Every structure is written in C-alpha cells, then in structure tokens.
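**Q** have a look at this prediction, sequence included:
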Amino acid sequence: PPPAGFGARAEAIATRLLALQRGEALPAGATAPEPTDTRQAQERAALEQLAKEMLASLAHVEQVLDDFFRNPARREPLLQLHQPLQQIIGALSMLGET
C-alpha cells in the first residue's frame, strides 16, 4: 500500500501540473510538499555518512593506540588524537548522545 498521505500529495502535485499546463502562475511560495519517504531516506543517508566518518576516526584512534602499546616510546602520535576524538564527540552530540 502507498504511504500515508500519498493520495493528498499526488492530488496536490496533479493540481500544480494542471495549473502549469494551463499557463497559470503558481501562488508565491507554492511548492510541492516533500514526501516523508524522501525525507526519511535523506536522514538515513546522512546518518550512514556520519557513522562512516565516526568509524574512520575510531579506526585511526585504534591504529595509533595499537602502535603505542607495541612501542610505548612512541608517545608523540598520541598527542594528535585530540582532533579525531573531538570529531567523534561532535558526531555523538549531533545524534543527541553523550
């Protein structure tokens, strides 16, 4: 079955198309409502991208920590972990997580 509100959206779009076909001007600010499915797909894609970036940052942190534990004299790279860790914190904050 079509998603909720599909009939109303389809009718609004058909009305707009008929008005354009007749050469009528659309009222100012008249735009087709964005389907919920499209919005949800965009949100899902953004969340997937955010997750990929977080995983990449975590992989980098893991690599630096692995190197340090294999050779504790290599402390300098640990100082460079602030940025990827801050990026992860920022991403979690965007998701409403701590």
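**A** The structure has been received and is ready for your questions.
**Q** going forward, measure contacts and count neighbours with C-alpha atoms only.
**A** Will do.
**Q** ranges for the helices of this protein?
**A** Ranges of helices in the chain, per DSSP state H, are 6-21, 36-70, 82-94.
**Q** could the ones you listed go into TSV alongside mean neighbour count, distance to Glu76 and mean pLDDT?
**A** TSV is the format used below for the helices of the chain (neighbours: other Cα atoms under 10 Å; distance: least, Cα to Cα, whole Å; pLDDT from 0 to 100):
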stretch	mean neighbour count	distance to Glu76	mean pLDDT
helix 6-21	13	58	79
helix 36-70	14	9	90
helix 82-94	14	12	90
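**Q** angles on the backbone of the spatially most distant residue from the centre of the chain, please.
**A** Going by Cα atoms, centre = their mean, the residue of the chain most distant from its centre is Ala73, 39.6 Å out. Main-chain torsions, Ala73, degrees, to the nearest 10: phi -70, psi -20.
**Q** please apply the same query to Glu24.
**A** phi -80, psi 140.
**Q** per-residue pLDDT, it?
**A** Note for Glu24: predicted pLDDT of 82.
**Q** where's the residue most central in space within the chain relative to Leu58, distance?
**A** Nearest to the mean C-alpha position of the chain, counting by Cα atoms, centre = their mean, stands Ala46 at 1.5 Å. For Ala46, the distance to Leu58 equals 18 Å [Cα to Cα, to the nearest Å].
**Q** same check on Ile88?
**A** Counting by Cα to Cα, the gap from Ile88 to Leu58 is 8 Å.
**Q** again with Ile13
**A** Distance from Ile13 to Leu58, by Cα to Cα: 45 Å.
**Q** domains in the chain, as residue ranges please.
**A** According to the TED database, the chain comprises the domains 1-31, 34-97.
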